[in-house]
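Asks: can't give you the sequence, but here's the structure:
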C-alpha cells in the first residue's frame, strides 16, 4: 500500500459580503417588492424611520374624497340590477383555451376514428405550454406505436405548431422540420438542414446564443462534416428565433393583473424626462433620536452607531439602485428614440451589452436593473426587457445597413435593415388594420417583403397569433 501524503494547496475563492448580496437583491426588486423590503428593514433597524409614505397618503386621500372601492351594494333599481348582472357576465367571459383551439382544428380534418380518438386524448393531456402532462405511451397504453405516432404527428402540425411534445427542445425540432417541409419544396435548404442537425444532436452548443461560441463548440465534434462560418451560424440563430419554444402560451388564460410602472418616460419640449415611480415607496430618513445618543453609555452608543451605519448604507443602496435604473432607462430612450417618438413598430434590436457599455456597468447589473420592472410612456406600459429585442427577418446580406449614432435614425425599424421581433409584429398589425380585405398570412408575408422584411409565412401566422388577431378565414 502506498504511503499517504499531506498535500497543501492554495485556492482563490470569491466570497460575497452580506451587504453586497443584499445590494444585488435590492437592485433586482421591482418597486412593489422593494416597498415590503423597506418596511422589513424599518421594523428591524430603529435608526431608520419613514419620513413620508406616498402610498399611505394616497390611500387616505382616496378614502377622504369618497373614491374608495365599494365591495358590494344592493342595486337600487332594475336598471342597476341589469348592469350588475352584465358586469358579472362580462367578468366571466374567457378567451379560447389551447385545447379548444386544437380540438376545433381536429374537427375539421378527415381522420380515421382510432387516430382521431388518440389525437383528442393527446390534446387533453397538454399543459399550458403545449407539452405532455403525462407521457402519451403511459397515458394511452396504445397497442400500436405507429398509430400513436400518426396521432402525434397530426397534433404537431396543428396551429400553434409544435404542441404535443415532451419539452421545448422537442418542440423546436418539430417546428424546424415542419418549416423545412414547407420552405424547401423539394429543394435542400442548407440553413434549415444544419439547424435541424444541431437542434437534434448538438443542442447544448446553442446554449450561449452566440455564433462564435457555436462555431467553436461544433469545431470539436467529429460528425460535423461541413464548414460552419459566421454567416451560416447567424442564419441558424435567425431560423431558431423564428420558432417558439413554448407554443401553447399564446393561449394562456391566466387572470390578468394590474401592473404599476416602476419608471415613467414623458415627452417634453426639450426631449424626454425619465422619472422613478416613488408613489408606492416610503421615503426614508435617519432617526434624530439615534443621531443624538453621543452622551449615552458605551454599549448604547455602540449600538446606536452601528444602527445608524446600517441605516445609512441601506438608504444609500436604494439611492444607487434608483440611479442605476434611471441611467439605464435614459440610455434606452437614446437607443430607442424612434420608438418613443413614433411608436412600437419602430422598436430597434438592442442588446443589454450595448446599454451596459454605454453607462459603464456590467451587463449583469443592467439585467438585474431591468428584471421584472415596467416602464410607462405614451404608447403604453411595457416590461423593460421588451426594449431588448433580437433581430429577425434580415434583409438579404447584400442590402446596405444604415449606420448612425444610437437612436438618431429618422427611419423606422423595418427600413433600416435591422428588424426587431416586436417591431415586425407591429408592422403586421398595421398591415391588417389598414387593409379593407381580410389578408391571408401569405399576402401579409408578401407585403412585408415590399418593406424589406423577409420572414416565412409560418412566422407571420405565429406573430399574428401572439397579437391575438384571428386568421383571414375568421376575420
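Replies: Looks like it came in fine. Just so we're clear, the structure is a prediction, and the values are computed from it rather than from any experiment.
Asks: Against residue 236, how distant is residue 230?
Replies: 11 Å (CB to CB, to the nearest Å). Every C-beta, even on glycine, is put in place using the N, C-alpha and C of the backbone.
Asks: ok, now residue 133?
Replies: Noted for residue 133: a distance of 32 Å to residue 236, by CB to CB.
Asks: Please apply the same query to residue 436.
Replies: Residue 436 is 39 Å from residue 236, by CB to CB.
Asks: which one of the two has more residues nearby?
Replies: Under the neighbour definition other CB atoms under 10 Å, residue 436 and residue 236 were set side by side, and residue 236 has more, 23 against 5.
Asks: quick one: the more buried one is in a strand?
Replies: No - applying DSSP: H, G, I helix; E, B strand; the rest coil, one finds residue 236 to be helix, outside a strand.
Asks: didn't it look like it was pressed against residue 194?
Replies: Yes - contact criterion CB atoms under 8 Å: residue 236 and residue 194 qualify, at 6.1 Å.
Asks: Give the next helix or strand downstream of the helix or strand of the chain with the lowest mean pLDDT.
Replies: Least confident helix or strand, the chain: helix 78-92 with a mean of 42, by mean pLDDT, DSSP states H and E. Next in sequence after helix 78-92, counting helices and strands by DSSP states H and E, comes helix 98-107.
Asks: what about residue 348, neighbour count?
Replies: 23.
Asks: which SS state does it fall under?
Replies: Assigned with three-state DSSP, residue 348 falls in the coil class.
Asks: Thought residue 420 was touching it, still the case?
Replies: Yes - assessed by CB under 8 Å, residue 348 is found in contact with residue 420 at 5.9 Å.
Asks: Give me the distance between residue 443 and residue 359.
Replies: Distance, residue 443 to residue 359, by CB to CB: 43 Å.
Asks: tell me which residues in stretch 192-212 are buried?
Replies: 192, 194, 195, 196, 197, 198, 199, 205, 206, 211 (16 or more other CB atoms under 10 Å).
Asks: Which of the helices or strands spans the second one?
Replies: Secondary-structure element containing residue 194, defined by DSSP H and E: helix 190-201.
Asks: which strands and helices sit next to that helix?
Replies: Helices and strands touching helix 190-201, as assessed by 3 or more CB pairs under 8 Å, 6 or more residues apart in numbering; DSSP states H and E, comprise helix 168-184, helix 230-241.
Asks: Contact partners for residue 145?
Replies: Neighbour list for residue 145: residue 137 [criterion: CB atoms under 8 Å, 6 or more residues apart in numbering].
Asks: Now do stretch 117-127: everything it contacts.
Replies: 98-99, 102-103, 106, 111, 132-134, 136, 139-140, 142, 147-148, 150-152, 154-155, 163-164, 248.
Asks: hmm, try it at 7 Å
Replies: Residues outside stretch 117-127 that contact it (CB atoms under 7 Å, 6 or more residues apart in numbering): 98-99, 102-103, 106, 132-134, 136, 139-140, 142, 147-148, 151-152, 154-155, 163-164, 248.
Asks: What subset of these is buried?
Replies: Here, 16+ other CB under 10 Å leaves 98-99, 102, 106, 132, 136, 140, 142, 147-148, 151-152, 154-155, 163-164, 248 buried among those.
Asks: Show me these that map onto helices.
Replies: Assignment to helices by DSSP state H places the following of the buried ones among the contacts of stretch 117-127 there: 98, 99, 102, 106, 136, 140, 147, 148, 151, 152, 154, 155.
Asks: okay if I get those residues as CSV plus pLDDT and distance to residue 368?
Replies: Shown next, in CSV, are those (pLDDT from 0 to 100; distance: CB to CB, whole Å):
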residue, pLDDT, distance to residue 368
98, 90, 33
99, 91, 37
102, 93, 38
106, 92, 45
136, 84, 40
140, 67, 45
147, 89, 50
148, 89, 46
151, 93, 45
152, 95, 41
154, 95, 44
155, 96, 39
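Asks: What are the buried residues along the helix or strand that contains residue 333?
Replies: In this structure, residue 333 is located in helix 298-335 according to DSSP H and E. Neighbour-count burial for helix 298-335 flags 304, 307-308, 310-311, 314-315, 317-318, 321-322, 324-335 (criterion: 16+ other CB under 10 Å).
Asks: which intervals of the stretch 351-475 of the chain have sub-threshold pLDDT?
Replies: For the stretch 351-475 of the chain, applying pLDDT under 70 flags the ranges 390-419, 473-475.
Asks: need the strands for it, in chain order.
Replies: All strands of the stretch 351-475 of the chain, identified by DSSP state E, counting those that start in this stretch, fall at 374-377, 380-383.
Asks: now, of those strands, which is deepest in the fold?
Replies: Each of these was scored by mean neighbour count; the highest is strand 374-377, a mean of 20, by mean count of other CB atoms under 10 Å.
Asks: Look at the nearest residue to residue 207 once chain neighbours are set aside and say how many residues are nearby.
Replies: Nearest residue to residue 207, sequence neighbours excluded (CB to CB, 6 or more residues apart in numbering): residue 213, at 8.0 Å. By other CB under 10 Å, 14 other residues sit near residue 213.
Asks: Distance of residue 213 relative to residue 238?
Replies: To residue 238, residue 213 is 16 Å away according to CB to CB.
Asks: Same question for residue 277.
Replies: In terms of CB to CB, residue 277 sits 37 Å off from residue 238.
Asks: Check residue 248 too.
Replies: From residue 248 to residue 238 the distance is 24 Å (CB to CB).
Asks: buried stuff in the host helix or strand of residue 290?
Replies: Using DSSP H and E, residue 290 sits in helix 288-291. Using 16+ other CB under 10 Å as the test for burial, helix 288-291 gives residue 290.
Asks: Tell me the confidence at residue 57?
Replies: Note on residue 57: pLDDT of 46.
Asks: Off-centre distance for stretch 340-350?
Replies: A distance of 17 Å separates the centroid of the chain from that of stretch 340-350, by CA atoms, centre = their mean, to the nearest Å.
Asks: Next, the contact list for residue 469, please.
Replies: Taking CB under 7 Å, 6+ apart as the criterion, residue 469 is in contact with residue 432.
Asks: make it 10 Å
Replies: 425, 428, 429, 432, 433, 463, 475 (CB atoms under 10 Å, 6 or more residues apart in numbering).
Asks: Need phi/psi at it.
Replies: Phi and psi for residue 469, reported as degrees, to the nearest 10, are phi -100, psi 130.
Asks: and the gap between it and residue 460?
Replies: From residue 469 to residue 460 the distance is 11 Å (CB to CB).
Asks: Do you have the strands of the stretch 1-150 of the chain handy? List them.
Replies: For the stretch 1-150 of the chain, strands defined by DSSP E, counting those that start in this stretch occupy the ranges 48-52.
Asks: Quick check: which ranges of it have low pLDDT?
Replies: In the stretch 1-150 of the chain, residues with pLDDT under 70: 1-17, 54-95, 139-143.
Asks: ok, now with 50
Replies: Residues of the stretch 1-150 of the chain meeting the criterion pLDDT under 50: 1, 12-15, 56-93.
Asks: Spit out the residues that contact residue 469 and residue 460 alike.
Replies: With CB under 10 Å, 6+ apart, residue 469 and residue 460 have common neighbours 425, 428.
Asks: Could you report the separation of residue 458 from residue 368?
Replies: Taking CB to CB, one finds residue 458 at 35 Å from residue 368.
Asks: Likewise for residue 145?
Replies: Applying CB to CB to residue 145 and residue 368 gives a distance of 48 Å.
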